[in-house]
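Engineer: The sequence isn't on hand, but the structure is:
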């Protein structure tokens with residue numbers, strides 16, 4: 001059963017080494033992410049599942065300890081998804097698998113965030129989901145995740161629209177602000193029905209990479225009776241960044 005969730009954006013710019021001189025501009029977003037992850041730890045989960053958007057080659061499960069890197073952004077910085085797995089005979093296959101796979105960017109950012117908090121509250125795993133994944137399938141996956149343990153927590157990575165200004169990655173789309181406001185309201189109220197009803201086609205047009213992860217959250221939270229709090233809502237660089245905590 002889902003007992004807590006944190007929703008965070010996943011731009012590489014959250015990592016100060018990547019942002020370089022612009023790092024202070026996202027200090028408030030980083031602080032909100034830290035607070036949201038604190039809610040996860042306080043929920044005393046049996047398992048943490050980290051969900052984020054991924055390109056086709058990086059979709060699917062990622063074991064605890066899987067390696068990620070920001071070298072593609074010109075920064076000599078590596079991360080892991082939680083503490084690296086112990087190298088013992090019983091877990092040898094998992095250790096090899098984690099060493100061979102690489103985290104998608106969204107889960108690498110999650111690994112960096114968890115590393116800041118020195119996460120040790122529960123075992124964890126990652127799941128990369130494709131942006132085109134149908135809402136019905138997202139909801140089904142979320143239900144399956146919630147059933148994995150008595151107390152499951154979710155760290156949900158994903159940006160809102162990337163079309164809020166003329167200089168945004170997707171240019172200006174007048175529908176973007178309204179879409180982001182709807183998502184913000186749903187996250188603030190832990191409104192499962194509203195997240196389920198998000199328009200996948202519109203989200204893709206607005207380059208809202210968080211749509212599929214948010215709908216996984218909706219499936220996991222069905223019947224959990226969680227309450228929500230919106231911790232951050234802004235659109236630096238024309239991209240909607242939302243941070244929320246459900247408990």
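Structural biologist: Sure thing, it's come through. No experiment lies behind these values; they were computed from the predicted model shown.
Engineer: Buried by neighbour count: which residues of the top helix by length along the chain qualify?
Structural biologist: If you go by DSSP state H, the chain has its longest helix at helix 27-42. For helix 27-42, the neighbour count (16 or more other CB atoms under 10 Å) marks 29-30, 32-34, 36-37, 39-41 as buried. Quick note: C-beta positions are derived from backbone N, CA and C, even for glycine.
Engineer: now for that helix, which elements pack on it?
Structural biologist: With contacts taken as 3 or more CB pairs under 8 Å, 6 or more residues apart in numbering; DSSP states H and E, helix 27-42 sits against strand 2-8, helix 105-117, strand 152-157, strand 228-234, strand 241-246.
Engineer: mind checking which helix or strand of the protein has the lowest mean pLDDT?
Structural biologist: Lowest on mean pLDDT, DSSP states H and E among the helices and strands of the chain sits helix 92-100, with a mean of 48.
Engineer: Might you list the low-confidence residue ranges for this structure?
Structural biologist: 85-100 (pLDDT under 70).
Engineer: Go ahead and flag the most central residue of it.
Structural biologist: residue 157 (1.2 Å; CA atoms, centre = their mean).
Engineer: Looking at the helices and strands packed on helix 27-42, which is nearest to residue 144?
Structural biologist: strand 152-157 (10.5 Å; CB to CB).
Engineer: Now do the closest one against helix 27-42, angle only.
Structural biologist: Angle between the axes of strand 152-157 and helix 27-42 is 170 degrees (criterion: axes from the mean of the first three to the mean of the last three CA atoms, to 10 degrees).
Engineer: Show me what strand 152-157 is packed against.
Structural biologist: So strand 152-157, by 3+ CB pairs under 8 Å, 6+ apart, packs with strand 2-8, helix 27-42, strand 47-53, helix 105-117, helix 135-146, helix 211-221.
Engineer: want to try TSV for the ones you listed, with distance to residue 232 as columns?
Structural biologist: Below are those laid out as TSV (distance: least, CB to CB, whole Å):
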stretch	distance to residue 232
strand 2-8	9
helix 27-42	4
strand 47-53	17
helix 105-117	13
helix 135-146	23
helix 211-221	15
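Engineer: Indicate which one of those is closest to residue 165.
Structural biologist: helix 27-42 (17.0 Å).
Engineer: Tell me which of the helices and strands packed on helix 27-42 sits nearest to residue 177.
Structural biologist: Short answer: strand 228-234, nearest of the helices and strands packed on helix 27-42 by CB to CB, at 11.3 Å.
Engineer: what's the closest one packed up against?
Structural biologist: helix 27-42, helix 176-189, strand 241-246.
Engineer: Pipe those into TSV and attach distance to residue 129 per row.
Structural biologist: Formatted as TSV, those follow (distance: least, CB to CB, whole Å):
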stretch	distance to residue 129
helix 27-42	19
helix 176-189	17
strand 241-246	17
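Engineer: looking at those, which is closest to residue 2?
Structural biologist: Closest among the helices and strands packed on strand 228-234, once you apply CB to CB, is strand 241-246, at 8.1 Å.
Engineer: Tell me what angle the closest one forms with strand 152-157.
Structural biologist: Using the same axes, to 10 degrees: strand 241-246 against strand 152-157 is 170 degrees.
Engineer: who's in contact with strand 241-246?
Structural biologist: 4-9, 11, 26, 29, 32-33, 35-36, 39-40, 159-160, 180, 183-184, 187-188, 190, 210, 217, 221, 226-235 (CB atoms under 8 Å, 6 or more residues apart in numbering).
Engineer: Perfect, that will be all.
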